[in-house]
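S.K.: build me a model:
(chains A, B and C)
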Amino acid sequence: MILAEWLLWLVPLSGAALVPVVSHTKKEATGWFAVAVASASLLLSLYGALTFSAAETENLAVWLGFLNVQLQVTIDGLSVLVSVFVAFLSLLILIFSLGYMKGEGGLARYYSLVLLFVGSMLGLVMAGNLIQFYFFWELVGLCSALLIAFWSDREAARRAGLKAFVVTHIGDASLLIAVIVLFNALQTTSFASVLASVGGSSLQGTALLTVGVLIIVGAMGKSAQVPLHVWLPDAMEGPSTVSALIHAATMVNAGVYLVIRMFPLFQASGLLMDLLLGVGLLSASVGAVNALASEDLKRVLAYSTISQLGLMFVALGLGSWVAATYHMVSQGLFKALAFLAAGSVIHATGTRNLEEMGGLKRVMKYTYVGFLAAVLAMSGLPPLIGFWSKDAIVSAAFAGNSTVGFALIAISVVTASYGFRALIKVFHGEPAQQRSVRESATTMVAPIAVLAVSVVVAWLALDAQSFVNIGSLAFPSATTFTLSMGALVVGALVSYVAFSARPSATKQLMERSQAMVRLRDALLEGLGFDRLYNYLYARGVKGLASLTSKVETGALGWDAALVLLTLILLTVLVAGGLV
Amino acid sequence: MITDQTIFLVTGTLLVFIGIASVSISKNLIKTLMSFQVVVFGVNLTLFASGLGGADRALSDAFVLLSILVGASVEAVGLAVIVAVHRKYGTLNPDEIRRLRG
Amino acid sequence: MANEILAAGLAAALVLTAVAALGAKKVSTSLIMLFYSSVVLGVTFTLYNDALIGLVHMATFAGAVSVLLLTVILMTGESNLAIGGRRIALVLAGVTVLVVLASISTITSGGPALAPSQSQDISLQVLGFVWNYRPWDLLALIMVFASSMVAVVSLLSKERP
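M.R.: Sure, this is the predicted structure:
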């Protein structure tokens, strides 16, 4: 039995159960225990990656006999790569948490939830069949909601946690229906058998289309694509470590991971590919423009995540799943880096508002370097990792359909623009607050440094065929290269001019021009998606509730009388042989 | 063919219906609980009668025992609820205690 | 024949005492009639060669539950168990007619078609598993009993947990 691949997700799950015990015996050791568990997981996944020889699925035991479900792990290039990536990020973020969450209450709850999340995410990545996958999918959603609402005495945090839970559940319900339909058609849920029967007699035409659309909706819920993206900006109420781990790098990638895993199913239908492409483009644009307007540092990064995930969906819609996988890894790395740097800044200055920060580059040097590396990677500067994956997607776009390619270039301009805007507003310029700010503790700076280095050199590891057996990333074509470099330069220049060279003129423009004011208000409101949902709720759910309140009178006698009526009806029907 | 089994089945069903009807029109929670007890009687009699006449006696015995136990437990809890309701609202008329409006 | 007359007599006594219990205006009448009906039912069980459940039934209902009812009535001081006036007569009459009609039609038509299907569908498998696993019965019974006792004690105590 291949021990490493089983243990790497069982160890954090059992660690999560042991955290309260450790916390009870010795409170200060809780964080270090979590770090130890995460490092064990990382070592196991690295061992699994280095000894990986051939793709296989291994069964352990029968789990649910009547559903033909066994406890399985899938071991192939994809799962090995993503498991190493998840374990690596989890370890770094847990080390960061040691410093960031120091002195907070409820640390046992925090660490056990984070370890539960890590175990479930790894279990999701290594799952061999859809039922096991769905089980861990729900678990990560639960951990995410609970961690968003970690500071449960704040009402905004509680509402954000509930909102995340409800909105992702729309996607989860859709995925469950897809699993049921698949099981109905094929009597099996293991990935290998499902993918083998794509195009066969039981899985083609409308059945294939239904399953595909339902899975895409499920992925949209978890990966925060429009219109199910409304939970992610509000999820920033949680601690920054949670945002870095869950809402930048791992859980939001679960949706993309599902689509990649079931990719032959989507490739079999042109309609599904177009749907992926459309959803991705829409989310990429909505996320990018919203990030440009936001005043809250973490919300900028949240909308940026939505945008980058949209790019992954675009890659999938174009058929290049290799580019999507690499972008998943690179986005995870530089976004987690950005969130950790943001966490360090927020911890030091005590505010999340961009207007209240400024000039921090002299004081927080390491954090500055980290955030700079993240912004450069996001904008696509070679040889940082963001360059390779983003340009692979853009090349694929130009190879197929030039309009999509130009749309992606436009989105890249906005991406570079909001990245540099955040950088300039936080770190450059004059300090906007009087409070003295210092660089953060070593436990917080070290992971930032490690991630910054990895963002620069990771392309070496990903390209080496001995480590990962997916595919390689070629250097992009000349058109793509020039266009994306141009996009980077234009975006950076726009932000530089607007916010660094002439900040007062920009402010005047924003306040004078009616069109700009209205645009800005619309963007700050998130383009009205929240209002749409509230309206649907007010009309739909409340209407139904007023209908049922006519029956639910609250008087005991009425309810019993209804029971009696039903019983009489049933007796008459059964006795008369009608039922 | 009217055997004693059918007689008991009919009376059991009748008791159930009488009990539920009484639950819905009673103006006093204690009367409600007594009506519930009549329903339990009806259920027990029906279950017992299903086991007469050569059918599986052991199975129907087991069901009756289970039903007695559950019925008695529910009544005990119901009585405790009645006491608590009386302490809090001062009245035992269910029409005056309509806090569970949907 | 004697069997059926006995059965009919017992059934009639049961129904009469139950209706008397539910229709009474004074609480003492109600309680005593309920007690009588528990006794009648226990006697019925015993006469049909099932002393065990007859005994358990009488001990529970004619014993414990009646005493509990008495206690609660004394605690809350209710003495007037009025019910709605003519409505009860109408409702009960209507219900009785319907039930008797339904039962007669069932009996004469040979019984309802309630034969279990032969297919081993999932609910039957689960039920079979649960039912055959006897220790679960005991566990379930103990859990129901214990939780109801806890609920009773906590509701009756005046302290908030």
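S.K.: all contacts plus neighbour counts: C-alpha atoms, from now on.
M.R.: Noted.
S.K.: now do residue 73: how many residues are near it, please.
M.R.: Using chain A here. Look at A:Val73: counted by other CA atoms under 10 Å in any protein chain shown, it has 23 neighbours.
S.K.: looking at chain C here, not the other one
M.R.: 19.
S.K.: may I have stretch A:252-266 exported as CSV, CA atoms only?
M.R.: Provided in CSV are the C-alpha atoms of stretch A:252-266 (Å, rounded to 0.1, in the frame of the first residue of the first chain):
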residue,chain,number,x,y,z
VAL,A,252,-11.2,28.4,-4.4
ASN,A,253,-9.0,26.3,-6.5
ALA,A,254,-11.1,23.2,-5.7
GLY,A,255,-13.7,24.2,-8.3
VAL,A,256,-11.0,24.5,-11.0
TYR,A,257,-9.5,21.3,-9.8
LEU,A,258,-12.8,19.5,-10.3
VAL,A,259,-13.2,20.7,-13.8
ILE,A,260,-9.6,19.7,-14.6
ARG,A,261,-10.1,16.3,-13.2
MET,A,262,-13.2,15.8,-15.2
PHE,A,263,-11.8,17.5,-18.3
PRO,A,264,-12.4,14.8,-20.9
LEU,A,265,-16.1,15.1,-20.0
PHE,A,266,-16.0,18.8,-20.9
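S.K.: tell me how far that stretch lies from the chain's centre.
M.R.: 13 Å (CA atoms, centre = their mean, to the nearest Å).
S.K.: the helix or strand hosting A:Ile215: what's the following helix or strand?
M.R.: Using DSSP states H and E, A:Ile215 maps to helix A:206-222. Following helix A:206-222 in sequence order, the next helix or strand is helix A:231-234 (DSSP H and E).
S.K.: residues contacting the following helix or strand past that next one, please?
M.R.: As assigned by DSSP H and E, the chain's next helix or strand after helix A:231-234 is helix A:240-244. For helix A:240-244, the external contacting residues (CA atoms under 8 Å, 6 or more residues apart in numbering or on different chains) are A:93-94, A:96-97, A:100, A:147-148, A:235-236, A:335-337, A:339-340, A:342-343.
S.K.: restrict helix A:240-244 to CA atoms and write it as PDB.
M.R.: Output of helix A:240-244 as PDB, limited to C-alpha atoms (Å, rounded to 0.1, in the frame of the first residue of the first chain):
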ATOM      1  CA  SER A 240      -5.700  37.300   6.800                       C
ATOM      2  CA  THR A 241      -4.200  33.900   7.200                       C
ATOM      3  CA  VAL A 242      -7.500  32.400   6.500                       C
ATOM      4  CA  SER A 243      -7.900  34.500   3.400                       C
ATOM      5  CA  ALA A 244      -4.500  33.500   2.300                       C
END
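S.K.: elements contacting the helix or strand following that helix?
M.R.: Counting by DSSP H and E, the next helix or strand C-terminal to helix A:240-244 is helix A:251-261. Identification of packing neighbours for helix A:251-261 by 3 or more CA pairs under 8 Å, 6 or more residues apart in numbering or on different chains; DSSP states H and E yields helix A:130-148, helix A:206-222, helix A:297-318, helix A:321-349.
S.K.: the lowest-mean-pLDDT helix or strand in chain B and chain C in contact?
M.R.: When the helices and strands of chain B are scored by mean pLDDT, DSSP states H and E, helix B:4-25 comes last with a mean of 86. Yes - looking at helix B:4-25 against chain C by CA under 8 Å from any CA of the partner chain, the contacts come from B:4, B:6-8, B:10-11, B:13-15, B:17-18, B:21-22, B:25.
S.K.: looking at the residues you listed, state which has the most neighbours.
M.R.: Highest neighbour count within those: B:Ser22, with 30 neighbours (other CA under 10 Å).
S.K.: give me the element the closest residue to that residue other than its chain neighbours is part of.
M.R.: Leaving aside its sequence neighbours, B:Ser22 sits nearest to B:Ser35 (CA to CA, 6 or more residues apart in numbering or on different chains; 5.8 Å). Applying DSSP H and E as the criterion places B:Ser35 in helix B:29-50.
S.K.: need the CA coordinates for that helix. PDB is fine.
M.R.: Coordinates of each C-alpha in helix B:29-50 appear next as PDB, following Å, rounded to 0.1, in the frame of the first residue of the first chain:
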ATOM      1  CA  LEU B  29     -53.400  21.300  27.400                       C
ATOM      2  CA  ILE B  30     -54.100  18.600  30.000                       C
ATOM      3  CA  LYS B  31     -57.100  17.400  27.900                       C
ATOM      4  CA  THR B  32     -54.800  17.500  24.900                       C
ATOM      5  CA  LEU B  33     -52.400  15.100  26.700                       C
ATOM      6  CA  MET B  34     -55.200  12.800  27.700                       C
ATOM      7  CA  SER B  35     -56.300  12.700  24.100                       C
ATOM      8  CA  PHE B  36     -52.800  11.800  23.100                       C
ATOM      9  CA  GLN B  37     -52.900   9.000  25.600                       C
ATOM     10  CA  VAL B  38     -56.100   7.700  23.900                       C
ATOM     11  CA  VAL B  39     -54.200   7.800  20.600                       C
ATOM     12  CA  VAL B  40     -51.500   5.700  22.100                       C
ATOM     13  CA  PHE B  41     -54.100   3.200  23.300                       C
ATOM     14  CA  GLY B  42     -55.500   3.000  19.800                       C
ATOM     15  CA  VAL B  43     -52.100   2.400  18.300                       C
ATOM     16  CA  ASN B  44     -51.200  -0.300  20.900                       C
ATOM     17  CA  LEU B  45     -54.500  -2.100  20.300                       C
ATOM     18  CA  THR B  46     -54.000  -2.000  16.500                       C
ATOM     19  CA  LEU B  47     -50.500  -3.300  16.800                       C
ATOM     20  CA  PHE B  48     -51.600  -6.000  19.200                       C
ATOM     21  CA  ALA B  49     -54.500  -7.000  17.000                       C
ATOM     22  CA  SER B  50     -52.200  -7.400  14.000                       C
END
